[in-house]
Structure formats: C-alpha cells, structure tokens
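Trainee: Sequence and predicted structure, then a few things I'm wondering about:
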Amino acid sequence: MTIRLDIWHFTRRFAAGCSTDSHQLYATFMSRLSHCIFMWDQDDLKAAKDAKRAELEAGGRHPSEADVLRSVSRSELALHCRRITRGTKETQAQIHRLIQAFDGDAGRDSLGVPLINSARMSEIIKSQWKHVACIQDPPGVQLYAQTGSS
C-alpha cells in the first residue's frame, strides 16, 4: 500500500515558516505556493482557449493568443480544466524560487516585519523536501470523474 501526503497538509507545513498568518503578504505567498505545486492540464487548457477564441470570433473580434488567455476567467478554468501536479523536481524548483522571492526585504510588510522566518523555513525545507514526491499525482490513476455528459 502506498501512502500519500495530502497537499493541504504539505502547504500548512510551509505556512509554519511564515512569521504570522496575518502578515500582509501571507495570502499571496500561500496562493503562489499552490501554483508551485499545481498547473492546469495542458489539453484542458487548450480546449478552454479554443472555446474562448471561437466565442470571441463569433462576436466579430480577431483576438491574439494573449487576448484569448486574458479572456478565459479563473472560474472558467476551475470549471473546465483539471489541475495536475508539476512533478517532483519542478515543484521543488518552484518552491525554492518562491521562498527566495519572499525572503528578506522583498517579504517585508509596510511595518518592516518579514513574512518568512528564514531559520525556521530552512529547517522546514530540509524536513519536507523528501515529501515532495509524496504529493505528486500517482501515475496511471484517474483523479477526476467525468460528470454532466450524456
């Protein structure tokens, strides 16, 4: 039997490396941490962009790729696109870049309080890096069920 780590619990472990959850940058950090782990399924994203392009063209517009992407709302992505994990190495690289971006002066709020407790976050990284593989989508396992089709 394979035991996997729940991604919510994994992210909560990194939250413990933040000075406080009431910090002005905390919500942004946690949102970006989620983006470090998940990405939109590329086939689903292409289908959503194709549908949006057709919708815009039906309205007489000739949108660029950037226009199409800007026009697809977050709620449309959530409704029509699956999220998948990025893979162990990519997730680790993304998390490392995120922590670097919010550590030090860039992670200070308007009162000068740092978001990240560097020493604590360093220990969290050491202890949690081995678990990144545990949060990846298992190969060959369908995590989504198709609904609403006839």
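Mentor: Looks like it arrived, so ask away. Residues are numbered from 1 along each chain as shown.
Trainee: Which residue is most remote from the mean position of the protein?
Mentor: Ranking residues of the chain by C-alpha distance from their mean position (Cα atoms, centre = their mean) puts G60 at the top, at 34.2 Å.
Trainee: List the contacts of that residue.
Mentor: Shown here is G60, which makes no contacts under the criterion Cβ atoms under 8 Å, 6 or more residues apart in numbering. (C-beta placed from N, C-alpha, C; glycine too.)
Trainee: quick one: the strands in this protein?
Mentor: Taking DSSP state E as the criterion, the chain carries its strands at 38-40, 83-85.
Trainee: Next one, pLDDT for the residue positioned nearest the centre of the chain please.
Mentor: Using Cα atoms, centre = their mean, the residue of the chain that lies closest to the mean C-alpha position is H35, 1.5 Å off. At H35 the predicted local confidence, pLDDT, stands at 97.
Trainee: cool, the one 4 residues further on as well?
Mentor: At M39, the model reports a pLDDT of 96.
Trainee: For the longest helix belonging to the chain, list every residue counted as buried.
Mentor: When the chain is scanned for its longest helix (criterion: DSSP state H), the result is helix 42-58. For helix 42-58, burial by neighbour count (16 or more other Cβ atoms under 10 Å) applies to 44-45, 48-49, 52-53.
Trainee: Equivalent analysis for stretch 34-42, please.
Mentor: Of the residues in stretch 34-42, those buried under the neighbour-count criterion (16+ other Cβ under 10 Å) are 36-40.
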